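In: Here is the input, now give the coordinates:
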Amino acid sequence: MNRSLSSRLRAFLEPAVARAAPTGVLSDAEHRTVHALFEALTGDDQYPPALLRRHVERRTAEDGGYLEECRAGLALLRRAMEREWLAGEFVDLTHGERDRVLRRILRSYPHEEKNAWWRRRLRLTSENLDLVAGRLWRRAVRHFRVVVVRDLLEHYYTGPSGWAVVGYREFPGRVRSESEPCKVLGFRIEGDSVVLELSDSTYETLDPRNLELDEGGALVVTTKSSRQRAGFSHAAQHAIGELLQEDEHGGLSLMIGSVRHEVFRDGE
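Out: This next block holds a predicted model:
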C-alpha cells in the first residue's frame, strides 16, 4: 500500500477527539476511579494520587475533549463491571477484579514484529485490525484505549516512577557536551515547576536560576548540571514568553504558578 495512502487511512481510523467540547474538572469520586484505573494499568499502588490528579486536572481544564473522553471511559468501566456481575465501584474492586474488567474492554495483541510476515506485508497486523474494529463497531473502546489509557501510561512512563521500572534513576539519554547543539522544543507546567523537552529526547525540570537572555535578547538555559547550554525553538520561546513579565525598569521575571523568578541577562 502506498505509504501516504496508508498514513491517510490510519488517520481516518484513529479516534478523533472533539477539541471544541467543554473543558472542566472531574469530581472527587471520578478522580478516585481514574487513580484506581491508573493503578490497574501500571501495577503501581504507591504512586501519589495528588500527582496524578494534577496531571488529569491540567488535561481536562486545558485540552478540549479530554474531560468528555475521561467520563466516557469511566462509563465504559461501569458497563464492563455490570457484564462481569461486579457490584459497587471500580475503586472498591480487588486487583484481580480490576484486571478482569480491563481484559473485557482491552483486547491484547502481540507486537507488530511478532505477527506473521504475510500479515505484516499486507498490513493486517493485530493492531491495524483493532484500528478497523474500533472505527466500525468498537468506537468507545478505541477512544478509551488511544486517548485515556495511552495518556495515563505516557504520564507514568515519562516520569521517574516509570523510568525506575526499567532501572533508570533519571531519563535515559546521553549527556551532550557544550559544543553539541541542543534546543528546548517545548515544555509543560507541573504545579510550580516547568519540565523542558529537549531536542536530544530528554526531559529536565527547569531551574529558573539557569534561565537568561543572551546578547541578542533570546532566551537560553543551562541544562545537564551546567554542562549544556540550550536555546529555545521559535515555538517554545513564543510559548514561554507568555509567562514572562517586564517590570518598570525593564527587568524580566518568569511567573511559574504563584512564584516569580528573575531572568538575568547574559553576563550579569
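In: Now residue 56: closest residue in space that isn't a chain neighbour?
Out: Spatially, and ignoring its direct neighbours in sequence, residue 56 is nearest to residue 34 (5.8 Å; Cβ to Cβ, 6 or more residues apart in numbering). Glycine gets a C-beta too; all of them are placed from N, C-alpha and C.
In: Which neighbouring elements make contact with the helix or strand harbouring that neighbour?
Out: According to DSSP states H and E, residue 34 maps onto helix 28-42. In terms of contacts (3 or more Cβ pairs under 8 Å, 6 or more residues apart in numbering; DSSP states H and E), helix 28-42 is packed against helix 49-62, helix 66-83, helix 95-105, helix 150-157.
In: is it possible to export those to TSV including mean neighbour count and distance to residue 241?
Out: Below are these laid out as TSV (neighbours: other Cβ atoms under 10 Å; distance: least, Cβ to Cβ, whole Å):
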stretch	mean neighbour count	distance to residue 241
helix 49-62	16	18
helix 66-83	18	25
helix 95-105	16	42
helix 150-157	16	26
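In: Let me see the contact set for residue 193.
Out: Taking Cβ atoms under 8 Å, 6 or more residues apart in numbering, we find residue 193 in contact with 205-206, 256.
In: can you tell me which of these lies nearest to residue 233?
Out: Proximity of the contacts of residue 193 to residue 233 (Cβ to Cβ) peaks at residue 206, which lies at 14.9 Å.
In: Need phi/psi at that closest one.
Out: Dihedral pair for residue 206: phi -70, psi 130, per degrees, to the nearest 10.
In: same check, this time on residue 230
Out: The phi/psi pair for residue 230 (degrees, to the nearest 10) reads phi -120, psi 140.
In: For it, which non-adjacent residue is spatially closest?
Out: That would be residue 182: by Cβ to Cβ, 6+ apart, it lies 4.3 Å from residue 230.
In: same thing with residue 254?
Out: In space, and not counting its chain neighbours, residue 254 is closest to residue 261: 4.5 Å by Cβ to Cβ, 6+ apart.
In: most surrounded residue in the contacts of residue 193?
Out: residue 206 (20 neighbours; other Cβ atoms under 10 Å).
In: how close does that residue sit to residue 112?
Out: Taking Cβ to Cβ, to the nearest Å as the measure, residue 206 falls 36 Å from residue 112.
In: do residue 30 as well
Out: Distance from residue 30 to residue 112, by Cβ to Cβ: 34 Å.
In: And those two? Which one has more around it.
Out: Per other Cβ under 10 Å, whichever of residue 30 and residue 112 has more neighbours is residue 30, with 16 against 13.
In: quick one: pLDDT of that one?
Out: Predicted confidence (pLDDT) for residue 30: 97.
In: so it makes contact with residue 75?
Out: No. Under the criterion of Cβ atoms under 8 Å, residue 30 is not in contact with residue 75, lying 10.5 Å apart.
In: Residue 194 pairs with what?
Out: Beta-bridge pairing of residue 194 under DSSP bridges involves residue 189.
In: any idea how far residue 38 is from residue 52?
Out: Look at residue 38 and residue 52: by Cβ to Cβ, they are 6 Å apart.
In: who touches both of those two?
Out: residue 152.
In: residues in contact with the nearest residue to residue 87 once chain neighbours are set aside?
Out: Closest residue in space to residue 87, ignoring its immediate chain neighbours: residue 81 at 7.8 Å, by Cβ to Cβ, 6+ apart. By Cβ under 8 Å, 6+ apart, the contact list for residue 81 reads 87, 90, 93, 101.
In: what sits against the last one?
Out: Pointing back at residue 101 there. When contacts are counted by Cβ under 8 Å, 6+ apart, residue 101 touches 77, 80-81, 84, 86, 90, 93.
In: now residue 45: how far from residue 84?
Out: Distance from residue 45 to residue 84, by Cβ to Cβ: 21 Å.
In: same question, residue 201
Out: Counting by Cβ to Cβ, the gap from residue 201 to residue 84 is 41 Å.
In: now swap in residue 44 and tell me
Out: Taking Cβ to Cβ, one finds residue 44 at 23 Å from residue 84.
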